[in-house]
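A.B. asks: Below are the sequence and a predicted model; questions follow.
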Amino acid sequence: MSENSKAQEYTARHLSVLEGLEAVRKRPGMYIGSTDSRGLMHCAWEIIDNAVDEALEGFADFIEVTLHDDGSVEVADNGRGIPIDEVPGTGASGVEVVYTKLHAGGKFGGGSYSASGGLHGVGASVVNALSQRLEVAVNRDGKTWAMSFRRGEPGIFTDSNGTLKADAPFTPFVEYSELRVVGKVAKKVTGTRVRYWADPEIFPDEATFSFNELRERVREKAFLVPGLKIWLKDARTVSDVPESQREETFHFAGGVVDFVDFLSSDAPVTDIIHVTGSDTFLETVQALDPETGHLKAQEVERECKVNLALRWGSGYEVTTRSYVNIIATPKGGTHLAGFEAGLLKAVRSQIASKTRQLKITAKDGQVIKDDVLAGLTAVITVSFPEPQFEGQTKEILGTAPVRSIVSRIIEQAITQRLNSTKRDLKTENTRLLEKIVQEMRSRVAAHIQKEVSRRKNALETSSLPAKLADCRSTDIADTELFIVEGDSALGTAKLARSSDFQALLPIRGKILNVQKASATDILKNQEVSSIIQVIGAGSGRSFDLEAARYGKVIFMTDADVDGAHIRTLLLTLFFRYMRPLVEAGRVYAAVPPLYRVEVAGTGRKQREYIYAYSDAQLQQILQKLAKQGKTYKEPIQRYKGLGEMDADQLAETTMDRKHRSLRRISMADEAALLQAENTFELLMGNEVTPRRDFIIEGASSIKREQIDA
């Protein structure tokens, strides 16, 4: 195409449509955060949020979300449908304005949406600008209306055989745009269907949609809009989930209460507390003055509705999810700050009035926010028109008056709850306050212990447990702490270790199951307190990874059922109270051998010893010896405990860095963390029935010879 013909085709219509969207394509990070997988997912969320806003206003109750095999995303709802009539002063339909004009749509004060997190003229138009192709179909007035766009520009695609393709030939509109009628529907059928293909000029090939991440987001929406049903499908050939998990429907009636119940994993200290309320605030906004045609500052009254649920559990991990107009704010903002401030104020007031009952002394100090939040699971949602976010990605709420509104509502609700005279609630409230006070005391004790630990040097080992066989090196990167099972194993391990960098701490039998124990019982337990003291980094929320005295912590237990149980108890302790050590990949399990095969010598060759670490490996060794015509002593020695080895054998197989094998305990991502939480609660928690069912279900897969008896 010649330069003259290009100039003739570039009309004022092209300029008016693309002038805003070109800025989006030039600086996409300003609107979607990045152009990697995170930005790709953000585009999908913008379209989904627009559909959910229809449900939030009560106009839709069903949404479909589909990931197609050609890389496109399709979102459909049964809401009102985007307006199809001409927008005054633009000469364009509502559909075109929504998908081509920044800061224009139904959520900018037109009264169509009382509260919305997405902004139609921003989210939809930005996705359109960053799409190689976008198709919109609207059901209204008994007809299906459609419009197509390429990189934000409206026009017509010429598809062959009825198959939609992102790179199909495209003809842009020049004189005027056409909203096509492509079908008929019943008068009562309304809704919007959007399908778009992300532009490869913007997003690199490695940017992909995560079905798991999409599922979590969609589940959140279903929780936050009670009664909304969302159907999610992954139709891609290559996906990040198994084929059996690629289709799911979400529908919850209980709202934030169900959400808190879903997020909670530890044993409950309180029932789920549901808090609602509302208040108004004044906000100065820029509004169009009809007389002058210019923007003018105007003070408007906003109503802020608060809906939240919270529940304290026996653990110390904090799980909070915050939302504004059902838009997730992962980095919090004024609503979350108000929630925490109001909660702290209410609890402090109650504790101050019950110091004698709670046996609080001056040395206990004062309750702080972390003490109150320990073990808390909460979902905080607020809704009000035109929220102010810090950045287009909407991760932090910035509307200042919301802080005081949320703080006042939660403070009043919690104060009323803690002052309740009902017998059940009084017992529950006492249990909660005692837990918070215990968290305060544990924090103070851990701080004192950490300060003592920091002041220690290599010569000050007298304050450590007497049974610790410490190493000489103070180089954290090189040192190792072996937690060994019993004094008998300790004696052999002392001879087998390298005392320069390997320390030994024996534990007597099976330590306390910290999943079920209270904080008081844990602090009183000698074995648990010795482990925490030796590592020297504190415990729980006050754990300081930098203060840990050893680079590696290695569990060295017998290769039998009891050894596995002790290892599980140790894992529970580290997962619950020294988790940063696990997350840093510094916790290991030693792998001692199960068998020793003594191969007979031939001629002048001495007999040879071969170690097997599993039954399968033993069979491979025996088959190999048979092929080589070698004989071995029977019966083959089966190690039941570390005490059966002499020092040379233990060093060679389990402790010597040149020959040993270690199994690293790791938590790769958030999904693995959630799975670990659920597994520990199932196997080690207070609830007996789920554990019994788990054992019964798995009993049929256990063979008699696998049991050490």
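C.D. replies: Now that the structure is in, tell me what you want to look at. Numbering: from 1, shown residues only.

A.B. asks: what's the span of stretch 226-244, first residue to last?
C.D. replies: Criterion C-alpha to C-alpha, to the nearest Å; first-to-last residue distance in stretch 226-244 is 27 Å.

A.B. asks: How about residues contacting it?
C.D. replies: 52, 55, 60-69, 208, 210-212, 214-215, 218, 221-222, 246-255 (C-beta atoms under 8 Å, 6 or more residues apart in numbering). Quick note: C-beta positions are derived from backbone N, CA and C, even for glycine.

A.B. asks: Hmm, residue 521 is touching residue 513, no?
C.D. replies: No - in this structure residue 521 lies outside contact range of residue 513 using C-beta atoms under 8 Å: 9.9 Å.

A.B. asks: of these two, who's got more company?
C.D. replies: residue 513 (17 against 13; other C-beta atoms under 10 Å).

A.B. asks: how much space between that one and residue 554?
C.D. replies: Per C-beta to C-beta, to the nearest Å, residue 513 is found 21 Å from residue 554.

A.B. asks: what's the burial count for the closest residue to residue 570 other than its chain neighbours?
C.D. replies: Leaving aside its chain neighbours, residue 570 sits nearest to residue 555 (5.2 Å; criterion: C-beta to C-beta, 6 or more residues apart in numbering). A total of 25 residues lie near residue 555 under the criterion other C-beta under 10 Å.

A.B. asks: Against residue 530, how distant is residue 464?
C.D. replies: 9 Å.

A.B. asks: low pLDDT regions in the stretch 601-709 of the chain?
C.D. replies: Counting by pLDDT under 70, the stretch 601-709 of the chain shows low-confidence ranges at 603-604, 668-678, 680-682, 684-687, 700-709.

A.B. asks: That one: strands as residue ranges?
C.D. replies: 608-612, 637-638, 662-664 (DSSP state E, counting those that start in this stretch).

A.B. asks: Could you list the buried residues of the longest one?
C.D. replies: By that I understand strand 608-612. 610-612 (16 or more other C-beta atoms under 10 Å).

A.B. asks: if we can go back for a sec, now, of the contacts of stretch 226-244, which are buried?
C.D. replies: Listed as buried from the contacts of stretch 226-244 are 52, 55, 60-67, 208, 210-211, 214-215, 218, 221-222, 246, 250, 252, 255; burial here means 16+ other C-beta under 10 Å.

A.B. asks: What pLDDT does the model give residue 495?
C.D. replies: On the pLDDT scale, residue 495 is placed at 91.

A.B. asks: Show me which of residue 464 and residue 530 is the more surrounded one.
C.D. replies: Shown here are residue 464 and residue 530; by other C-beta under 10 Å, residue 530 has more neighbours (21 against 18).

A.B. asks: Spatially nearest residue to that one, not counting backbone neighbours?
C.D. replies: Leaving aside its sequence neighbours, residue 530 sits nearest to residue 465 (C-beta to C-beta, 6+ apart; 4.6 Å).

A.B. asks: For residue 527, see how far away the one you found is.
C.D. replies: To residue 527, residue 465 is 10 Å away according to C-beta to C-beta.

A.B. asks: of these two, who's got more company?
C.D. replies: Neighbours per residue, other C-beta under 10 Å: of residue 465 and residue 527, the larger number sits with residue 527, 20 against 16.

A.B. asks: residues touching the more buried one, list them.
C.D. replies: So residue 527 contacts 507-508, 511-512 (C-beta under 8 Å, 6+ apart).

A.B. asks: at 7 Å what do you get?
C.D. replies: Residues near residue 527 by C-beta atoms under 7 Å, 6 or more residues apart in numbering: 507-508, 511.

A.B. asks: And residue 137, by the same measure?
C.D. replies: Going by C-beta under 7 Å, 6+ apart, the list of residues near residue 137 reads 144, 146, 193.

A.B. asks: and with 10 Å instead?
C.D. replies: 76, 81-82, 95, 144-148, 180, 182-183, 191-195 (C-beta atoms under 10 Å, 6 or more residues apart in numbering).

A.B. asks: likewise residue 426?
C.D. replies: 418-420.

A.B. asks: Retrieve the pLDDT associated with the residue nearest to residue 225 when sequence neighbours are not counted.
C.D. replies: Closest residue in space to residue 225, ignoring its immediate chain neighbours: residue 55 at 5.0 Å, by C-beta to C-beta, 6+ apart. If you check residue 55, the pLDDT there is 90.

A.B. asks: Need the phi and psi values for residue 55.
C.D. replies: With angles defined as degrees, to the nearest 10, residue 55 sits at phi -70, psi -40.

A.B. asks: Thought residue 191 was touching it, still the case?
C.D. replies: No - with contacts counted by C-beta atoms under 10 Å, residue 55 stays clear of residue 191, the gap being 11.2 Å.

A.B. asks: shared neighbours, those two?
C.D. replies: 62-63, 77-79.

A.B. asks: which one of those is nearest residue 493?
C.D. replies: Lowest distance from residue 493 to those (C-beta to C-beta) belongs to residue 63, with 60.5 Å.

A.B. asks: what kind of secondary structure is the closest one in?
C.D. replies: strand (DSSP: H, G, I helix; E, B strand; the rest coil).

A.B. asks: how near is it to residue 471?
C.D. replies: The gap separating residue 63 from residue 471 is 60 Å, by C-beta to C-beta.

A.B. asks: do the same with residue 353
C.D. replies: Counting by C-beta to C-beta, the gap from residue 353 to residue 471 is 51 Å.

A.B. asks: Just want to know which of the two has more residues nearby.
C.D. replies: residue 471 (23 against 12).

A.B. asks: give the contact list for that one.
C.D. replies: Residue 471 neighbours (C-beta under 10 Å, 6+ apart): 458, 478-482, 497-504, 549-550.
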